[in-house]
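Peer 1: give me a 3D structure for the following:
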Amino acid sequence: QVRLVESGGGSVKTGESLKLSCTVIGGEIDMWAMGWFRQAPGREREFVASLSRRSGRTVYADFVEGRFTVSRDNAKDMVFLEMNSLKPEDTAVYFCARARLTTYVTARDQTEYNIWGQGTQVTVNS
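Peer 2: Residues are numbered from 1 along each chain as shown. Below is the predicted model:
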């Protein structure tokens, strides 16, 4: 059974950086688009970024504003989300996910993903 495990979260101050990692266990990711989502307390889970299977195409949520970079290492079955210039409103649990179908290039909708990690907490203090 394929599992995704996120790591790299933590507590930082406004303007600082974090790099999240997503490790795939029991499977591969090279045939699928991958995505990052987040869920803040009291809010719905929302799209953050998506990356095509060979990193040729990326798409980001508007609130990213050039601060985040999604990348992948298919040889290691890992996906990353590098976050710079963090703001308190970036505080959330961050999830990585694998697309449901290999035909997706990138995907913004949660329903287009069927394998999810447990999430890693990111807290940004002002």
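Peer 1: can you give me the strands for this structure?
Peer 2: In the chain, the segments counted as strands under DSSP state E are 3-7, 10-13, 18-25, 34-39, 46-51, 58-60, 68-73, 78-83, 92-99, 113-116, 120-125.
Peer 1: tell me what the residue lying closest to Y60 once chain neighbours are set aside is bridged to.
Peer 2: Of all residues beyond its chain neighbours, the one nearest Y60 is A49 (4.9 Å), with distances taken as Cβ to Cβ, 6 or more residues apart in numbering. Using the backbone N, CA and C atoms, a C-beta is placed for each residue, glycine as well. Beta-bridge partners of A49, counted by DSSP bridges, are W36, Y60.
Peer 1: could you measure from A49 over to N114?
Peer 2: Per Cβ to Cβ, to the nearest Å, A49 is found 18 Å from N114.
Peer 1: give me the more crowded residue out of these two.
Peer 2: Each of A49 and N114 had its neighbours counted (other Cβ atoms under 10 Å), and the higher figure belongs to A49 (24 against 13).
Peer 1: how about the contacts made by the more buried one?
Peer 2: When contacts are counted by Cβ atoms under 8 Å, 6 or more residues apart in numbering, A49 is found next to G35, W36, T58, V59, Y60, A61, V64, F68, V70, L81.
Peer 1: including distance to V105 and mean pLDDT, could the strands of the chain go into JSON lines?
Peer 2: Listed next are the strands of the chain as JSON lines, based on distance: least, Cβ to Cβ, whole Å; pLDDT from 0 to 100:
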{"stretch": "strand 3-7", "distance to V105": "20", "mean pLDDT": "97"}
{"stretch": "strand 10-13", "distance to V105": "32", "mean pLDDT": "98"}
{"stretch": "strand 18-25", "distance to V105": "19", "mean pLDDT": "96"}
{"stretch": "strand 34-39", "distance to V105": "11", "mean pLDDT": "98"}
{"stretch": "strand 46-51", "distance to V105": "9", "mean pLDDT": "97"}
{"stretch": "strand 58-60", "distance to V105": "9", "mean pLDDT": "96"}
{"stretch": "strand 68-73", "distance to V105": "14", "mean pLDDT": "96"}
{"stretch": "strand 78-83", "distance to V105": "15", "mean pLDDT": "97"}
{"stretch": "strand 92-99", "distance to V105": "9", "mean pLDDT": "97"}
{"stretch": "strand 113-116", "distance to V105": "14", "mean pLDDT": "96"}
{"stretch": "strand 120-125", "distance to V105": "26", "mean pLDDT": "98"}
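Peer 1: that concludes my questions; thank you for your assistance.
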